[in-house]
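Chemist: give me a model of this one.
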Amino acid sequence: MGSEPDRAAVAITSAWLVHLLTASGAVFGLLAMSASANERYIVALLWMTVTTAIDGVDGALARKFRVKHYLPQFDGALLDNIMDYFTYVLVPAYFLLHVHILPQLWRLPMAFLILLASAYQFCRTDAKTADHTFTGFPSYWNVVVFYLFLLGWPWQVNAALLLLCALLVFIPVRYLYPSRTPILRPVNVTLGILWALMLLVALTRYPDNHEALVLVSFFYVVYYLAFSIWLTLWRKRAEKAARLAQG
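Modeler: Below is the predicted model:
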């Protein structure tokens with residue numbers, strides 16, 4: 001079983017390893033930026049996928065290994081926010097500067113818009129709610145550029161969708177937090193994993209025989225948006241009922 005000091009040392013080491021995993025997102029994000037600059041767009045998207053996978057598991061690992069308990073002097077939430085802004089916002093914005101999703105003239109202004117809108121979203125006090133939802137579009141820019149790259153739509157459509165997502169940052173819809181929202185969490189996590197695998201296979205098939213998988217993957221996008229709208233309306237009804245009950 002080991003002595004108490006030994007168990008404590010293992011617990012502290014495990015906690016630091018979880019933080020190291022979170023911080024490694026910066027390394028893979030930098031690799032994505034390097035690949036973008038060298039026009040290796042598939043590789044860049046694969047590295048972005050790695051950063052998303054890390055973000056998808058590090059929170060659960062942090063809770064499992066009780067990192068707040070064993071490392072109270074280290075702000076893991078701050079580290080997570082830094083990594084999220086870097087990997088979900090800055091890296092996709094940099095990708096946008098190099099890939100041929102938009103004309104050259106539009107790339108820098110659109111990247112600026114992504115950075116500024118997301119800076120607002122990340123600093124909202126209700127960006128992550130107590131019941132584990134996101135308020136406003138949760139800056140999934142890596143997902144947005146992933147789709148726009150694979151679909152190859154006209155640049156006007158790409159620009160319109162990017163503008164729409166930036167606008168949605170400021171609209172207080174409660175978006176599903178797949179790994180934390182308690183309502184139907186096993187279903188949401190399972191569907192999210194299937195969706196991610198589908199997109200990953202589509203990326204490996206690019207530029208041939210990928211379109212069908214990408215289009216089928218939209219089932220999860222529709223589900224995610226519908227679930228988020230339902231969450232917003234359900235929460236509003238619950239808050240209204242609570243106010244009425246209080247008199």
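
Chemist: which stretches of this protein have low pLDDT?
Modeler: For the chain, the stretches with pLDDT under 70 are 1-2, 242, 247.

Chemist: which residues in it form strands?
Modeler: 133-135, 174-176 (DSSP state E).

Chemist: ranking the ones you listed by burial, who's on top?
Modeler: Greatest average neighbour count among the strands of the chain goes to strand 174-176 (a mean of 24), per mean count of other Cβ atoms under 10 Å. Using the backbone N, CA and C atoms, a C-beta is placed for each residue, glycine as well.

Chemist: for that one, name the packing helices and strands.
Modeler: If you count contacts as 3 or more Cβ pairs under 8 Å, 6 or more residues apart in numbering; DSSP states H and E, strand 174-176 packs onto strand 133-135, helix 211-245.

Chemist: relative to Leu17, which of those is closest?
Modeler: With Cβ to Cβ, the closest approach to Leu17 among these belongs to strand 133-135: 27.3 Å.

Chemist: who are the packing partners of the closest one?
Modeler: Counting by 3+ Cβ pairs under 8 Å, 6+ apart, strand 133-135 packs on strand 174-176, helix 211-245.

Chemist: just the ones you listed: most buried one?
Modeler: Buried most deeply of those, by mean count of other Cβ under 10 Å, is strand 174-176, with a mean of 24.

Chemist: can you list contacts of it?
Modeler: Under the contact criterion Cβ atoms under 8 Å, 6 or more residues apart in numbering, strand 174-176 has outside partners 129, 133-138, 188, 224, 227-228, 231-232, 235.

Chemist: how about 10 Å then?
Modeler: 126, 129, 131-138, 140, 168, 181, 183-185, 188, 192, 223-236 (Cβ atoms under 10 Å, 6 or more residues apart in numbering).

Chemist: can you check stretch 6-15 too?
Modeler: Contacting residues not belonging to stretch 6-15 are listed as 1-3, 61-62, 64-71, 74, 76 [Cβ under 10 Å, 6+ apart].

Chemist: dihedrals phi and psi, Glu39?
Modeler: Backbone torsions of Glu39, given as degrees, to the nearest 10, read phi 60, psi 30.

Chemist: got the strands of the chain as TSV, with distance to Phe112 columns?
Modeler: Formatted as TSV, the strands of the chain follow (distance: least, Cβ to Cβ, whole Å):
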stretch	distance to Phe112
strand 133-135	22
strand 174-176	23
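
Chemist: chain neighbours aside, what residue packs nearest to the residue positioned nearest the centre of the chain?
Modeler: Central residue of the chain (Cα atoms, centre = their mean): Tyr140, 4.7 Å from the mean position. Using Cβ to Cβ, 6 or more residues apart in numbering and skipping residues adjacent in sequence, the residue nearest Tyr140 is Tyr88, 6.5 Å away.

Chemist: what do you get for Met33?
Modeler: Tyr94 (5.0 Å).

Chemist: touching, the one you found and Ala37? I think so.
Modeler: Yes - in this structure, Tyr94 is within contact of Ala37 by Cβ atoms under 10 Å, at 7.9 Å.
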